[in-house]
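> return atomic coordinates for the entry below.
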Amino acid sequence: MTGSSRITRRRTLGILYREESDKGLTHPFFVLILNAFLAEAEKRGYDAAFLSHPLKEGYETLADHCVRAGVDGLCLVCTDFAHPQVKALMAGAFPCVSVDHIFRGKPAVLSDNETGVRKLVEFAIARGHRRIAMIHGHNNSLVTRTRISQFKNTMEYHRLPVPDAFLREGRYHDIGGTRNLVNQMLTLPEAPSCILLPDDMTYFGAQEAARDCGLKIPDDISFAGYDGIPLTQALKPRLTTIRQNAETLGKVAAARLMDLIEHPETAPKRPAIYPVELLEGETVAPFRPEAARP
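Sure, this is the predicted structure:
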């Protein structure tokens with residue numbers, strides 16, 4: 001066998017992706033992150049593979065699974081970051097990067113969620129809203145905890161109350177569940193005039209709830225989303241939301257992981273936090289005390 005016949009194995013980046021709505025690669029926000037991640041990996045000569053580790057007792061460790069799957073590093077996107085298997089992996093030496101969650105000593109990429117929520121709340125306040133409610137995703141991630149905390153802090157700063165009924169747990173991307181929660185809020189004796197939604201896709205459920213109650217958006221009830229996906233920017237009225245730069249998140253996640261694989265001692269390990277943009281849209285109208293309620 002001559003030297004020219006040797007085949008060099010391409011390095012492979014693993015992706016652990018399991019978001020709570022089970023939309024998989026049809027999820028309109030995370031697919032943008034993953035597309036950018038895959039493009040950056042390919043540009044630098046890496047392959048990429050999705051891992052299907054079940055994260056359960058009695059199964060091989062996540063670290064062993066990565067080795068058996070032949071991946072050189074792992075990107076964790078929208079998974080159970082509190083799971084013991086995930087924590088054990090992130091505490092070890094295997095090259096890893098996380099999206100939307102921070103582990104000590106490992107690189108991470110995420111959006112500036114504190115600023116994002118503050119911008120939404122203060123935009124609604126500037127338009128005269130005082131009864132502002134929030135529906136959030138499961139309180140099991142850094143992103144959700146940050147958004148809840150910033151919502152409470154901003155409302156407190158402006159000396160506005162947050163009744164228990166104005167802060168409700170739902171699920172990200174859950175259109176039907178959001179419809180039910182919005183219906184409950186809109187039938188309160190003192191209903192909110194503006195509701196912040198878990199993400200942009202749940203705006204479809206909010207629209208249905210407003211129709212259920214005979215209300216018009218934004219004349220009678222205002223809504224704001226989160227993510228800035230193109231789909232809801234094409235609707236009428238156009239959704240007020242926070243745009244996250246999904247393409248940058250995916251590209252940098254791949255770059256950070258490849259740097260860690262190639263230069264483990266010198267690769268940057270501090271979190272990379274990226275700014276967000278308020279898209280004013282058309283769904284947060286100036287508050288009118290005379291707005292109709294059935």
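> please, where are all the helices along the stretch 1-150 of the chain?
Taking DSSP state H, counting those that start in this stretch, the helices of the stretch 1-150 of the chain run over residues 30-43, 62-69, 84-91, 113-126, 142-157.
> of those, which is nearest Ala224?
Proximity to Ala224, assessed across the helices of the stretch 1-150 of the chain by Cβ to Cβ, is greatest for helix 113-126 (5.0 Å). For every residue, glycine as well, the C-beta is placed using N, CA and C.
> mind listing the helices for the stretch 151-294 of the chain?
Remark: helices assigned in the stretch 151-294 of the chain by DSSP H, counting those that start in this stretch are 175-186, 203-212, 230-233, 246-262.
> can you flag the weakest of those by average pLDDT?
Looking at the helices of the stretch 151-294 of the chain, the lowest mean pLDDT belongs to helix 230-233 (a mean of 88).
> tell me which residues in that helix are buried?
The neighbour-count criterion (16 or more other Cβ atoms under 10 Å) identifies Thr232 as the buried residues of helix 230-233.
> give me the pLDDT for Ala191.
At Ala191, the pLDDT value in this model is 97.
> separation between it and Gly225?
Using Cβ to Cβ, to the nearest Å, Ala191 is found at 19 Å from Gly225.
> higher neighbour count, the two?
Taking neighbours as other Cβ atoms under 10 Å, Ala191 and Gly225 compare with Gly225 leading, 26 against 20.
> next one: the least confident helix or strand in the chain by mean pLDDT to chain centre, how far?
Of all regular secondary-structure elements in the chain, judged by mean pLDDT, DSSP states H and E, the least confident is helix 230-233 with a mean of 88. When distances are taken as Cα atoms, centre = their mean, to the nearest Å, helix 230-233 is centred 16 Å away from the chain's centroid.
> same deal with stretch 98-112?
Using Cα atoms, centre = their mean, the mean C-alpha position of stretch 98-112 is found 12 Å from that of the whole chain.
> mind listing what's buried in that stretch?
By neighbour count with 16+ other Cβ under 10 Å, stretch 98-112 contains the buried residues 98-103, 106-112.
> the residues you listed into a markdown table, with extra columns for pLDDT and distance to Cys75?
Written out in a markdown table, the entries for the buried residues of stretch 98-112 read as follows (pLDDT from 0 to 100; distance: Cβ to Cβ, whole Å):
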| residue | pLDDT | distance to Cys75 |
| --- | --- | --- |
| Ser98 | 96 | 8 |
| Val99 | 95 | 7 |
| Asp100 | 91 | 11 |
| His101 | 92 | 12 |
| Ile102 | 93 | 14 |
| Phe103 | 94 | 13 |
| Lys106 | 95 | 11 |
| Pro107 | 96 | 10 |
| Ala108 | 96 | 10 |
| Val109 | 97 | 9 |
| Leu110 | 96 | 13 |
| Ser111 | 96 | 16 |
| Asp112 | 97 | 20 |
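> any chance of the residues you listed in TSV, plus distance to Leu197?
Output for those, formatted as TSV (distance: Cβ to Cβ, whole Å):
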residue	distance to Leu197
Ser98	25
Val99	21
Asp100	18
His101	21
Ile102	25
Phe103	28
Lys106	31
Pro107	30
Ala108	25
Val109	24
Leu110	20
Ser111	16
Asp112	19
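> so which of those are in strands?
The strands, defined by DSSP state E, take in 98-99, 108-111 from those.
> farthest pair within these?
Of all pairs drawn from those, the one with the largest separation by Cβ to Cβ is Ser98 and Ser111; the distance is 13.2 Å.
> surely Asp174 meets Ala206?
No - here Asp174 does not reach Ala206: they are 11.5 Å apart, not a contact under Cβ atoms under 8 Å.
> name the residue in those two with the higher neighbour count.
When Asp174 is set against Ala206 and neighbours are counted by other Cβ under 10 Å, the residue ahead is Ala206, at 27 against 20.
> which ones are touching that one?
Contacts were defined as Cβ atoms under 8 Å, 6 or more residues apart in numbering; by that measure Ala206 touches 178-179, 182, 195, 197, 217, 223.
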